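Colleague: Sequence first, then the predicted structure, then my questions.
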Amino acid sequence: MSLMTALDPPLSLTERAVAAIRRDILVTRAAPGAALSEASLAEALRLGKAPVRAALARLAEEGLVTAIPRRGWVVSLVTIRDIHEVFDLRLLLEPEAARRAAGRVNATELHRLDAVCAAGYRPEDGDSAAAFLAANKAFHVAVAELSGNARLARQVDRLLDESTRMLVLGLRRRDRSGEMAHEHQALIEALALGRPEEAARLMHEQVDASRRMVLAALTAPDAGISI
């Protein structure tokens, strides 16, 4: 997970708005189906309406918000089809990424993977949820980067953004963050020991378990969530 340095260019106003609104959507502070007001967002973010409007247009391209004629913007719903499509793609890409990454993990990369497993998770704490899921995403993207295929890593990065809020909704019903951290450690061991088939199997099991958790949580009779 890269850290901003003094050499990095400052974020534009639009990029700042995109990052802030995306974060609220991914951790479901802005819930699926919620209306978004350009004026309210501009006031909350202390920005003008123009960068907020541009940010919403960009997030619409990512599928996170939807423009409603004469009503403004709403946070896109999470559908069963969305869940299956996102996790189907993850199951196609991530086990192969893990297979290719096995044996390519040096001491620096081991430390990097261990570090992103350290975030705790408290469902009632939005900042804790954001930190844990950012760490989870960083772990999966790091494994994809170790595959040596930059395009594969970029696709995994985007899929993890789409699945993050699905995981938030699922973890609120069943907290398996401890299991996820343990699974990560088992995968790190397989990667470090150069066991490609074991690494691919473990990655497949992790992604599939996350999908089953999300589906079980969001389809429960008492879920109280519209999807």
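Modeller: Sure thing, it's come through.
Colleague: which residues touch the worst-scoring helix or strand of the chain on mean pLDDT?
Modeller: Lowest on mean pLDDT, DSSP states H and E among the helices and strands of the chain sits helix 107-115, with a mean of 72. With contacts defined as CB atoms under 8 Å, 6 or more residues apart in numbering, helix 107-115 is touched by M1, V105, F139, A142, V143, L146, H184, I188, L191, A192. In short, each C-beta sits where N, CA and C put it, glycine included.
Colleague: in this structure, which spans are helices?
Modeller: Using DSSP state H, the helices found in the chain span residues 13-26, 38-45, 49-61, 80-101, 107-115, 126-146, 150-173, 177-192, 196-218.
Colleague: roughly how far apart are the residue of the chain most remote from its centre and L64?
Modeller: Distance from the centre of the chain peaks at R70, with 30.9 Å (CA atoms, centre = their mean). R70 sits 21 Å away from L64, going by CB to CB, to the nearest Å.
Colleague: Could you do R165 as well?
Modeller: Going from R165 to L64 by CB to CB gives 8 Å.
Colleague: what do you get for V75?
Modeller: Plainly put, V75 is 7 Å away from L64 if you go by CB to CB.
Colleague: Mind listing the shared neighbours of the two?
Modeller: Between them, V75 and L64 share the contacting residues I25, judged by CB under 8 Å, 6+ apart.
Colleague: Point out where this structure drops to low pLDDT.
Modeller: The chain contains residues with pLDDT under 70 at 1-11, 115-129, 173-177, 221-227.
Colleague: again, only using 80
Modeller: Low-confidence segments of the chain, defined by pLDDT under 80: 1-11, 70, 106-132, 170-182, 219-227.
Colleague: what sits against L191?
Modeller: Residues near L191 by CB under 8 Å, 6+ apart: A98, A101, A102, G103, R104, V105, L113, V143, L146, A199.
Colleague: Now stretch 182-198: buried residues?
Modeller: Using 16 or more other CB atoms under 10 Å as the test for burial, stretch 182-198 gives E183, H184, L187, I188, A190, L191, A192, R195, P196, E198.
Colleague: out of those, which one sits closest to S37?
Modeller: H184 (38.7 Å; CB to CB).
Colleague: any idea how far R195 is from the closest one?
Modeller: Distance, H184 to R195, by CB to CB: 15 Å.
Colleague: Pop the domain breakdown of the chain in here.
Modeller: As recorded under automatic domain parsing, the domains making up the chain are 13-75, 80-218.
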